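# what shape does this take:
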Amino acid sequence: MKRLVLIALIALAACKEEVAVTPDPVDLTPDALSFFCQMTIAEHGGPKGQIHLEGYPAPLFFAQVRDMVAYLKSPERDADITAIYVSDMSVAPNWLQPGVSNWIAADVATFVVGSDVAGGMGAREVVPFSNPDDAASFIDQYGGTALPLSGIPDAEVLGPVDLDLLLETPA
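Numbers count the residues shown, from 1 in each chain. This next block holds a predicted model:
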């Protein structure tokens, strides 16, 4: 009996569960490229996104949060996602300079969707805030609806982009 218990303990020790470590956000550098278009992100205003993939040394950066959410909704990914961060527009210096290190986890952000605001690539943007009151103020000025990441409709990020829409660029 003691032998069986010893074997079971050794087996348990050998099968210890690996704990996934969530990577920290990476500061945006002047030479960071957007995943889809491979354009320099710093040349475009509005909030940004970054997705960390298991086994990849660097995150995928996105020039628009809209593009990042489209990537999340796509079934074609190379690896499991370990972390998702977005620019915190509650503390961003301004729209044209959304910040290089003010990232928040996307699952705790409040996103404004359907506003009359264009992101860095000219499409209607999905705008993240850490403070729901800031999201409400943004909605008062530019329209839209406040939603969590999980509530963003596919049509907001996967639908065609109407470049004839007159969208604003916030100050």
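# hmm, D107 is touching S130, no?
No: with contact defined as Cβ atoms under 8 Å, D107 and S130 do not form a contacting pair (11.9 Å). Just so you know, the C-beta spots here come from the backbone N, C-alpha and C atoms, and that holds for glycine as well.
# neighbour-wise, which of the two wins?
Each of D107 and S130 has its neighbours counted (other Cβ atoms under 10 Å); S130 has more, 17 against 12.
# phi, psi of the more buried one?
Geometry field for S130 lists phi and psi as phi -80, psi -30, criterion degrees, to the nearest 10.
# then the one 4 residues further on?
Dihedral angles phi and psi of D134 (degrees, to the nearest 10) take the values phi -70, psi -40.
# repeat that for T145.
Main-chain dihedrals, T145, degrees, to the nearest 10: phi -130, psi 140.
# how about the contacts made by it?
T145 is in contact with V112, V113, G114, I139, counting by Cβ atoms under 8 Å, 6 or more residues apart in numbering.
# which pLDDT value belongs to the second one?
In the prediction, the pLDDT value recorded for V113 is 97.
# hang on, it packs against D154?
No: under the criterion of Cβ under 8 Å, V113 makes no contact with D154, lying 11.3 Å away.
# what number of residues lie near the residue nearest to I51 when sequence neighbours are not counted?
Excluding its sequence neighbours, the residue lying closest to I51 (Cβ to Cβ, 6 or more residues apart in numbering) is L60, at 4.8 Å. A count of neighbours around L60, defined by other Cβ under 10 Å, yields 20.
# with just CA atoms, put stretch 54-68 into PDB.
What follows is stretch 54-68, C-alpha atoms only, in PDB (Å, rounded to 0.1, in the frame of the first residue of the first chain):
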ATOM      1  CA  GLU A  54       1.400  32.000 -27.300                       C
ATOM      2  CA  GLY A  55       4.900  31.300 -28.600                       C
ATOM      3  CA  TYR A  56       5.400  34.700 -30.300                       C
ATOM      4  CA  PRO A  57       8.100  37.000 -28.800                       C
ATOM      5  CA  ALA A  58       6.300  40.200 -29.700                       C
ATOM      6  CA  PRO A  59       2.700  41.200 -29.900                       C
ATOM      7  CA  LEU A  60       0.700  41.900 -33.000                       C
ATOM      8  CA  PHE A  61       0.000  45.700 -33.100                       C
ATOM      9  CA  PHE A  62      -3.100  47.200 -34.800                       C
ATOM     10  CA  ALA A  63      -3.500  50.800 -36.000                       C
ATOM     11  CA  GLN A  64      -7.200  50.700 -35.200                       C
ATOM     12  CA  VAL A  65      -9.000  48.900 -32.400                       C
ATOM     13  CA  ARG A  66     -11.600  48.000 -35.000                       C
ATOM     14  CA  ASP A  67      -9.000  46.000 -36.900                       C
ATOM     15  CA  MET A  68      -7.900  44.300 -33.700                       C
END
